[in-house]
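Undergrad: Following is a predicted model, sequence given first.
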Amino acid sequence: MYGVQLAFKNFIATKGITGSPWVGFKQFNRFFSSANFWRVIKNTVTINLYSLCVNFPVPIIFALMLNNVAHKRFKSFVQTVTYAPHFISTVVLVSMMLVFLSPRSGFINIILKNYFGMEPIFFMAKNELFKTIYVFSGLWQNMGWAAIIYIAALTGIDRELHEAAVVDGANKIQRIIHIDIPGIMPTMVTLLILNMGSIMNVGFEKVFLMQNSLNLEASETISTYVYKVGLVGADFSYSTAVGLFNSVINFIMLLITNQLSKKVTEVGLF
């Protein structure tokens, strides 16, 4: 918290944090009037909302499906296959993407050319494809891992409820809708609140590794912008102000989502 005051100062290295002059909200006004402001805000929010719409429900559906698999060996195999990608480092993941999506030797383009007669596509240079590639590569990597918490919540549901439902003639779909989903609803709501509380956070490493001069219009987010103006440009006061703005928006979204959740579902973080 000590370093937060940099956002309200014009930091001079020779004078240190305490000796640097106060400038009030000058750094914030500079960011709001910057030509990059709307671009980084738009990219950050759209990537997160896109990711939330895809990566939030899919692990829930996957957990519900896996919970109804009776064959233990097949269930264990599926869990292993879907959990494993989570342990692949981001650097390796992006390297794999660059190889697979290469316009010359990538197997995606080879398939498109040999079987569909299409010209090679430079996927990583397309602004309109960047967000989709980012989101669905994240889905492949984290779907199984994200489902673990829902699988754990499902195991906590009383089996007698299912037995009673079977006696009453309920099929699997009806039991999922009326027993499983209500049983994991508190977990779902809690994770949704936490996700909304990080709506302005896009992981720096993956975006930065996927970024190039051709897709910059779609890939420049707050995290990469802070890196460039702060560490590369050595404008520490300005980058701190941008980071603080980001944190404040996240905190406000967390409070709003939590209050709405308590009114609608009676489930909240606090």
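TA: Cool, the structure landed.

Undergrad: pretty sure E128 contacts S219?
TA: No. Because the distance of 11.8 Å does not satisfy C-beta atoms under 8 Å, E128 is recorded as not touching S219. (Glycine included, C-beta is placed from N, CA and C.)

Undergrad: So for these two, which sits in the more crowded spot?
TA: Legend: neighbour count by other C-beta atoms under 10 Å for E128 and S219, higher for S219 (22 against 9).

Undergrad: For the more buried one, give me its contacts.
TA: If you count contacts by C-beta atoms under 8 Å, 6 or more residues apart in numbering, S219 has them with 43, 130, 207, 210-212.

Undergrad: Quick one, grab the pLDDT at the closest residue to F270 other than its chain neighbours.
TA: Leaving aside its chain neighbours, F270 sits nearest to N258 (6.8 Å; criterion: C-beta to C-beta, 6 or more residues apart in numbering). Per-residue confidence (pLDDT) for N258: 91.

Undergrad: Can you report how many residues lie near the residue nearest to W145 when sequence neighbours are not counted?
TA: Nearest non-adjacent residue to W145, counting by C-beta to C-beta, 6+ apart: H86, 3.8 Å away. Each residue near H86 was counted by other C-beta under 10 Å, and the total is 14.

Undergrad: Surely H86 touches W140?
TA: No. H86 is beyond contact range of W140, at 9.9 Å (criterion: C-beta under 8 Å).

Undergrad: picking up where we left off before, okay, who's weakest in the contacts of S219 by pLDDT?
TA: Lowest pLDDT among these: N212, 91.

Undergrad: if I look at F62, how far off is A147?
TA: 5 Å (C-beta to C-beta, to the nearest Å).

Undergrad: any common contacting residues for those two?
TA: Counting by C-beta under 8 Å, 6+ apart, the shared contacts of F62 and A147 are T82.

Undergrad: Which positions within the helix or strand the residue nearest to F270 falls within qualify as buried?
TA: Applying DSSP states H and E as the criterion places N258 in helix 236-264. Neighbour-count burial for helix 236-264, counted by 16 or more other C-beta atoms under 10 Å, picks out 236-246, 249-250, 253-254, 257-258, 261.

Undergrad: just stretch 139-154 next, same as before
TA: Buried residues in stretch 139-154, counted by 16+ other C-beta under 10 Å: 139, 141-144, 146-147, 149-151, 153-154.

Undergrad: one step back: mind listing what the residue nearest to F270 touches?
TA: Applying C-beta under 8 Å, 6+ apart to N258 gives the contacts 193, 268-270.

Undergrad: thinking again about what came up before, please narrow the buried residues of stretch 139-154 to those residing in helices.
TA: Those of the buried residues of stretch 139-154 mapping onto helices are 139, 141-144, 146-147, 149-151, 153-154, per DSSP state H.

Undergrad: Dump those residues into TSV; add pLDDT and distance to V91 as well.
TA: As requested, these are exported to TSV (pLDDT from 0 to 100; distance: C-beta to C-beta, whole Å):
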residue	pLDDT	distance to V91
L139	95	19
Q141	95	13
N142	94	16
M143	94	20
G144	93	20
A146	94	21
A147	95	24
I149	94	26
Y150	95	29
I151	93	29
A153	94	32
L154	93	34
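
Undergrad: which one of those sits closest to T90?
TA: Relative to T90, the closest of these is Q141; by C-beta to C-beta it sits at 8.7 Å.

Undergrad: Can you tell me how far the spatially closest residue to N68 that is not a sequence neighbour is from Y83?
TA: Nearest non-adjacent residue to N68, counting by C-beta to C-beta, 6+ apart: K172, 5.8 Å away. From K172 across to Y83, the span is 24 Å (C-beta to C-beta).

Undergrad: Equivalent analysis for A234, please.
TA: Look at A234 and Y83: by C-beta to C-beta, they are 41 Å apart.

Undergrad: the more surrounded of the two?
TA: Using other C-beta under 10 Å, the more surrounded residue of A234 and Y83 is Y83, with 15 against 11.

Undergrad: Over to the more buried one. Which of the three states is it?
TA: helix (DSSP: H, G, I helix; E, B strand; the rest coil).

Undergrad: let's number from 25 now, not from 1
TA: Got it, the first residue is 25 from now on, which makes the last one we talked about Y107.
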